[in-house]
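Participant: Sharing a model prediction with you, sequence too.
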Amino acid sequence: MLLSISIAGCVDDNSISQIPLDEVDLNISSPESLLNNSSIESEINLINESQAQIPPHYEKSGICTYVVDGDTLDVKGVGRIRLVGVNTPERGEPGYQEAKDFVKSKCLGKLIYLDIDDKKNNDRYGRVLAVVYVGNTNINAELLKKGYAEVMYIPPSEFNPYSWT
């Protein structure tokens, strides 16, 4: 298989040089290795997510890099997020793993949007209080609807989690 790379520089549009790929050291063991590159996969996921619906209101967005439990996750460039208005079981309690697995399946490795609570931005642990969206889906509300969480309303808050049930 012969692949070539086109190189364009400060030349007119009619003079583009081609260099055979076997003369260029790209440190690629095989074309398949490109497909296994997590960086490329992340970029593809970002492109796919950007084509999804975007929520009507959000302050920040980023990739979910870690799910702590059913109501806490980490977002690259933002920090630790506490899903506002909901409470999921703690480690060792019934339903803990199910809630965590649900959030993992919806958020981990995906572009998420954060509607940060304007009345109280952070909790006492410094976590950002927010409604988490994947596309146009409110994950906080989904946790309640599917029975993985209970409403936990702590004023002041701009959100009314009772309206999500």
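Facilitator: Alright, I've got the coordinates. Numbers count the residues shown, from 1 in each chain.

Participant: Every contact and neighbour count from this point should use C-alpha atoms.
Facilitator: Fine.

Participant: Where does pLDDT dip in this protein?
Facilitator: The model of the chain has pLDDT under 70 over residues 1-52.

Participant: Can you show me the strands along it?
Facilitator: For the chain, the strands defined by DSSP state E occupy 4-7, 17-20, 60-69, 72-75, 79-83, 86-87, 111-116, 128-134, 137-138, 150-151.

Participant: mind checking which of those is nearest E158?
Facilitator: Among the strands of the chain, the nearest to E158 by Cα to Cα is strand 111-116 (9.2 Å).

Participant: just so I know, which of the strands of the chain lies nearest V103?
Facilitator: Going by Cα to Cα, the one of those nearest V103 is strand 60-69, 7.2 Å.

Participant: tell me the angle that closest one makes with strand 111-116.
Facilitator: 90 degrees (axes from the mean of the first three to the mean of the last three Cα atoms, to 10 degrees).

Participant: so K120 touches L129, yeah?
Facilitator: Yes. Look at K120 against L129 with Cα atoms under 8 Å: they come within range, at 7.2 Å.

Participant: Compare the two (neighbour count), which wins?
Facilitator: Neighbours per residue (other Cα atoms under 10 Å) separate K120 from L129, with L129 holding more: 24 against 16.

Participant: show me what contacts V132?
Facilitator: L83, I112, Y113, L114, D115, N138, I139, N140 (Cα atoms under 8 Å, 6 or more residues apart in numbering).

Participant: Format these as JSON lines; extra columns: distance to K146 and neighbour count.
Facilitator: Below are the contacts of V132 laid out as JSON lines (distance: Cα to Cα, whole Å; neighbours: other Cα atoms under 10 Å):
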{"residue": "L83", "distance to K146": "15", "neighbour count": "26"}
{"residue": "I112", "distance to K146": "20", "neighbour count": "26"}
{"residue": "Y113", "distance to K146": "21", "neighbour count": "26"}
{"residue": "L114", "distance to K146": "21", "neighbour count": "24"}
{"residue": "D115", "distance to K146": "21", "neighbour count": "21"}
{"residue": "N138", "distance to K146": "12", "neighbour count": "17"}
{"residue": "I139", "distance to K146": "10", "neighbour count": "21"}
{"residue": "N140", "distance to K146": "10", "neighbour count": "25"}
